[in-house]
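Engineer: show me how the following folds:
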Amino acid sequence: MTAAENVCYTLINVTSDSEPPSEVSLKTDLEKGEIKAKTEALKKVIIMILNGEKLPGLLMTIIRFVLPLQDHTIKKLLLVFWEIVPKTTPDGKLLQEMILVCDAYRKDLQHPNEFIRGSTLRFLCKLKESELLEPLMPAIRACLEHRHSYVRRNAVLAIYTIYRNFEHLIPDAPELIHDFLVNEKDASCKRNAFMMLIHADQDRALDYLSTCIDQVHTFGDILQLVIVELIYKVCHANPSERARFIRCIYNLLQSSSPAVKYEAAGTLVTLSSAPTAIKAAAQCYIDLIIKESDNNVKLIVLDRLIELKEHPTHERVLQDLVMDILRVLSTPDLEVRKKTLQLALDLVSSRNVEELVIVLKKEVIKTNNVTEHEDTDKYRQLLVRTLHSCSVRFPDMAANVIPVLMEFLSDTNEAAAADVLEFVREAIQRFDNLRPLVIEKMLEVFHAIKTVKIYRGALWILGEYCSTKEDIQSVMTEVRRSLGEIPIVENEIKKETGEVKPEDEVSAAPAQKLVTEMGTYVTQSALSSSRPSKKEEDRPPLRGFLMDGDFYVAASLATTLTKVALRYVAIVPDKKKQNSFVAESMLIMVTVLHLGKSSLPKKPITDDDVDRISLCLKVLSECSPLMNDIFNKECRKSLSHMLTVRLEEEKLSQKKESEKRNVTVQADDPISFMQLTAKNEMTSKEDQFQLSLLAAMGNTQRKEAADPLASKLNKVTQLTGFSDPVYAEAYVHVNQYDIVLDVLVVNQTSDTLQNCTLELATLGDLKLVEKPSPLTLAPHDFANIKANVKVASTENGIIFGNIVYDVSGAASDRNCVVLSDIHIDIMDYIQPASCTDAEFRQMWAEFEWENKVTVNTNITDLNDYLQHILKSTNMKCLTPEKALSGFCGFMAANLYARSIFGEDALANVSIEKPIHLGPDAPVNGHIRIRAKSQGMALSLGDKINLSQKKTNV
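Structural biologist: Numbers count the residues shown, from 1 in each chain. Purely as a prediction, here's the structure:
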């Protein structure tokens, strides 16, 4: 093993700018100095030895002048000193002086102060020389009976490590510790003793557990955790023992310690797949989420519940606990709520959907009463989407949900209102029986809608689905109410000149009477309702939007009026009424056009909106059957087709998910009978404790390619040339938030290279954790050096540096070999993700960094190019497959990904195939990348440019 791989017990900070002191001055301080001077000198000696200095002349000085001192700081420093100082001669024999040290530690083990005894016992755990430990064994044994628990628990640890490394020194250790455990009262001592028995003599540990299995719930939490680990390991290795211990695990679910409950629940799930066990574990997880205040804990435990759900047989058990899971919504954290709602939605079934909807409706109403908070709006959006999904999957629920959600159309939060509108549009199209209810509620809230986008959507729905005479009249009433007095231009000018008082404006009669007494529409009824006096600026909603220059809503209004007018003509036989209604619709359009062309609005009307309103006027003036079909039938067909496609996509994705989860067993797979299985075959399952330990240490085994050696070799970077005196190459191992460089250094010369140091520096958001220590390389020798680099964000990083060394015997300066740069690939940090169209557009507008990449490739097919970009950037295509299918010469697609640091990356691919250049012409166009940070946008752009070049043959 190299120096970098040796186990390190003590970390000491060294100031790099300090001058190394001479051995003579250190000797003087250690012999004659005060306590403070001796302490400082001892620290310097320790640092020098860590840096590779030998200092053999100081050993006897320290034994004579420092070892007898009773100062606690000195004693602690001496423990570090004896741990690192070489204790053997070059031929491997123990130094004579160490006998004196051994005697000093025998006295420390009998010292009246428990701190000195305990810290000495801890030090003995680190000793690897059995000759030093042998004389101390009686004193170590005696420490097991010391009055203080600190000494006793460290004595247990010392005995365990000595037994593990040198069993001959204390062969009866398991029996000794078992007897100690039976009589011990302190929880920490019992835990250490029990832990030793688990690893040294598992049968004795099980015997002890059997004697006190009914008292386990009274033990301290640290001991309970070790008991859970033992039961897991025993049952993992020998499944026939499950029945013996499973009751104990059930009891530990009621422990007062959250950590014990969590581990017990996890163990119970791995030991038994019985519905009662799964239910008990899930209930325990839910209680933990509700009672724990730390959001990180809540998210971790929620992930365990989600893992449980992934198992097909467990899912049905969890479905009965949906209402308990929803109790987690009382947590204010948005991320916890999001995961909880998603889990509840995955588990919902026809048996519990009604209860789920009731709870969600209550939550929605609660958000309405809460004072505005940053996350309240987002939470409301989540609830609306969850209710939307419930209604789509269980159509019977839609009638209960719609009235509650329609109230939020008048919400100031546009995003939540847009979600409601999308849901209403889908519901009114798919469920014919709900149309009257939706239209009625829509008309009720129409006047209160505050945002123009929602107003446009509401207008469209009313225009598309109002089919009765009464509903059509109501729509016209609402439109006139929200438009105010017409003609608009004249009215606004009068108000500005003061001819019309604001309070008179509402009841003012229109210029001409458009409606007969038969009641198609009475102008006065809409406008004569008495209202409190208003300021001049406080206009009706639709007029307000138009005066602000938002004429897109006018185009939407024109389309709506055209649809309802054409429908009115079809259902009302009276020609006079037909003409009256059509004329009124046309008057509204004309007055809006007039306003757009005037100088009153803040922005003039756009040509597109003028064209649209003019088209609608032409349609109404001609009333041709073809236009009637386009406005009243084809629009709805398009919507129906879009919703069908979306539903198919959702079903397809759900099917893929369920296929992933289903455990497929081949017909010719062997059947495993537990009673007939050999013991060594039962341990095929992975040890969860071992896996979690590896994950914590960052050693998670990734699934490598079919040939693991090939995939590792792909990550080897050559750092120097073959003809350089020192050859170096690095294996770059990326592990989430850090990068480990395993550098192989080969001495290609016939000289001994001293102080061979790998000096590294980083560019980008990378940080070198520690400086690699110097090595001495024999002629043609090689060594491995490891260096850790921390990563803080997703951007291309570069690691560069050199290797410096001295040639032994040479008088020249230090030699230096410059290394090639190591480029860190951001693809290791980017993962495909999905978001809604609205979220994509919102992020696109918010992100300030944009990188425009010109397409430069030899790929001739649009779809092939898109797939190549998706593969090389690790992004996900948000544009549906149906929208990309077929060939029309151009393609536009939205891509999205998220880094492990939570950074979002958006891309818009706009490409075309220049047909005039022939069938073999390459794809051209642009890719626009947007991100919050400059590094992310530039790095992704570089990646695309690089991958494009790679395709050029």
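Engineer: what's the burial count for residue 276?
Structural biologist: By other CB atoms under 10 Å, 10 other residues sit near residue 276. For glycine as for every other residue, the C-beta is placed from the backbone atoms N, C-alpha and C.
Engineer: do the same with residue 145
Structural biologist: 11.
Engineer: where does it land in three-state SS?
Structural biologist: Of the three states, residue 145 takes coil under DSSP: H, G, I helix; E, B strand; the rest coil.
Engineer: per-residue confidence at it?
Structural biologist: Reading off the confidence values, residue 145 has pLDDT 88.
Engineer: list the contacts for it?
Structural biologist: Applying CB atoms under 8 Å, 6 or more residues apart in numbering to residue 145 gives the contacts residue 152.
Engineer: now the one 10 residues further on
Structural biologist: Each residue near residue 155 by CB under 8 Å, 6+ apart is listed here: 121, 140, 141, 143, 144, 146.
Engineer: can I assume it sits in a strand?
Structural biologist: No - per three-state DSSP, residue 155 lies outside any strand segment and is helix.
Engineer: what is the burial count for the residue lying closest to it once chain neighbours are set aside?
Structural biologist: Once flanking residues are discounted, residue 155 sits nearest to residue 143: 3.8 Å by CB to CB, 6 or more residues apart in numbering. The tally of other residues near residue 143 (other CB under 10 Å) stands at 22.
Engineer: which one of the contacts of residue 155 is nearest residue 416?
Structural biologist: residue 121 (62.9 Å; CB to CB).
Engineer: going along the chain, name the strands of the stretch 801-950 of the chain.
Structural biologist: 815-818, 822-824, 830-832, 849-854, 876-877, 890-899, 904-912, 924-931 (DSSP state E, counting those that start in this stretch).
Engineer: what's the angle from the longest one to strand 904-912?
Structural biologist: What it means is strand 890-899. On the basis of axes from the mean of the first three to the mean of the last three CA atoms, to 10 degrees, strand 890-899 is oriented at 160 degrees to strand 904-912.
Engineer: alpha carbons of strand 890-899, as CSV, please.
Structural biologist: What follows is strand 890-899, C-alpha atoms only, in CSV (Å, rounded to 0.1, in the frame of the first residue of the first chain):
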residue,chain,number,x,y,z
PHE,A,890,-37.6,21.4,-40.4
MET,A,891,-37.8,20.4,-36.7
ALA,A,892,-38.1,22.3,-33.4
ALA,A,893,-37.7,20.6,-30.0
ASN,A,894,-37.2,21.6,-26.4
LEU,A,895,-34.7,19.7,-24.3
TYR,A,896,-34.2,19.8,-20.5
ALA,A,897,-31.8,18.4,-17.9
ARG,A,898,-30.9,19.0,-14.3
SER,A,899,-27.5,18.6,-12.7
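Engineer: after the helix or strand encompassing residue 576, next one along is what?
Structural biologist: Using DSSP states H and E, residue 576 sits within helix 575-597. Downstream of helix 575-597, the first helix or strand assigned by DSSP H and E is helix 607-622.
Engineer: give me the contact list for that following helix.
Structural biologist: Contacts of helix 607-622 (CB under 8 Å, 6+ apart): 551-552, 554-555, 558-559, 561-562, 565-566, 582, 585-586, 589-590, 592-593, 596, 627, 631.
Engineer: residue 747 and residue 776 touch, don't they?
Structural biologist: No - the pair residue 747 / residue 776 is not scored as a contact, 9.7 Å apart, by CB atoms under 8 Å.
Engineer: show me what the helix or strand hosting residue 297 is packed up against.
Structural biologist: Secondary structure from DSSP H and E places residue 297 in helix 295-310. Applying 3 or more CB pairs under 8 Å, 6 or more residues apart in numbering; DSSP states H and E, one finds that helix 295-310 contacts helix 258-271, helix 275-291, helix 312-319, helix 334-347.
Engineer: the first one packs against which elements?
Structural biologist: What that stands for is helix 258-271. Helix 258-271 packs on helix 221-237, helix 242-252, helix 275-291, helix 295-310, helix 688-696, going by 3+ CB pairs under 8 Å, 6+ apart.
Engineer: show the average pLDDT along the last one.
Structural biologist: It stands for helix 688-696. Helix 688-696 comes out at a mean pLDDT of 60.
Engineer: swap in stretch 639-654?
Structural biologist: 72.
Engineer: on that earlier part again, for residue 747 and residue 776, indicate the residue with more neighbours.
Structural biologist: Just comparing residue 747 and residue 776: by other CB under 10 Å the higher neighbour count belongs to residue 747, 22 against 16.
Engineer: before we move on, back to that, so what sits against both of residue 747 and residue 776?
Structural biologist: Contacts common to residue 747 and residue 776, judged by CB under 8 Å, 6+ apart, are 753, 756.
Engineer: would you confirm that residue 874 contacts residue 832?
Structural biologist: Yes - the criterion here is CB under 8 Å, and residue 874 meets it with residue 832 at 6.1 Å.
Engineer: now for those two: what residues contact both?
Structural biologist: Joint contacts of residue 874 and residue 832 (CB under 8 Å, 6+ apart) are residue 897.
Engineer: which one's more surrounded, those two?
Structural biologist: The neighbour comparison of residue 874 against residue 832 (other CB under 10 Å) goes to residue 874, with 19 against 14.
Engineer: from residue 847, how far off is the more buried one?
Structural biologist: Distance of residue 874 to residue 847, given as CB to CB, to the nearest Å: 18 Å.
Engineer: could you pull out the strands for the stretch 101-250 of the chain?
Structural biologist: Counting by DSSP E, counting those that start in this stretch, the stretch 101-250 of the chain contains no strands.
Engineer: hmm, back to that, what subset of the contacts of helix 607-622 is buried?
Structural biologist: Among those, those that count as buried by neighbour count (16 or more other CB atoms under 10 Å) are 551-552, 554-555, 558-559, 561-562, 565-566, 582, 585-586, 589, 592-593, 596, 627, 631.
Engineer: now the helix holding residue 297: buried residues?
Structural biologist: So, applying 16+ other CB under 10 Å, buried residues of helix 295-310: 297, 298, 301, 302, 304, 305, 308, 309.
Engineer: quick one: contacts of it?
Structural biologist: Contacts of helix 295-310 (CB under 8 Å, 6+ apart): 258, 262, 265-266, 269, 278, 281-282, 285-286, 288-289, 292, 314-315, 318, 325, 328, 331, 333, 335-336, 339-340, 343, 346-347, 661.
Engineer: and the buried ones among those residues, selectable in PyMOL?
Structural biologist: Here is the PyMOL command that selects the buried residues among the contacts of helix 295-310 (16+ other CB under 10 Å):
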select buried, resi 258+262+265+266+269+278+281+282+285+286+288+289+292+314+315+318+325+328+331+333+336+339+340+343+346+347
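Engineer: for residue 255, which non-adjacent residue is closest in space?
Structural biologist: residue 261 (5.4 Å).
Engineer: give me the pLDDT for the one you found.
Structural biologist: So, for residue 261, pLDDT stands at 87.
Engineer: does it touch residue 252 like I think?
Structural biologist: Yes - using CB under 8 Å, residue 261 is in contact with residue 252, at 7.3 Å.
Engineer: low-confidence ranges, the stretch 601-750 of the chain, go.
Structural biologist: For the stretch 601-750 of the chain, residues meeting the criterion pLDDT under 70 lie at 628-629, 632, 650, 653-712, 736.
Engineer: in it, which spans are helices?
Structural biologist: 607-622, 625-629, 635-661, 688-696, 708-713 (DSSP state H, counting those that start in this stretch).
Engineer: distance of the closest residue to residue 234 other than its chain neighbours from residue 228?
Structural biologist: The shortest distance from residue 234 to any non-neighbouring residue, by CB to CB, 6+ apart, is to residue 241 (5.2 Å). Note on residue 241: its distance to residue 228, by CB to CB, is 14 Å.
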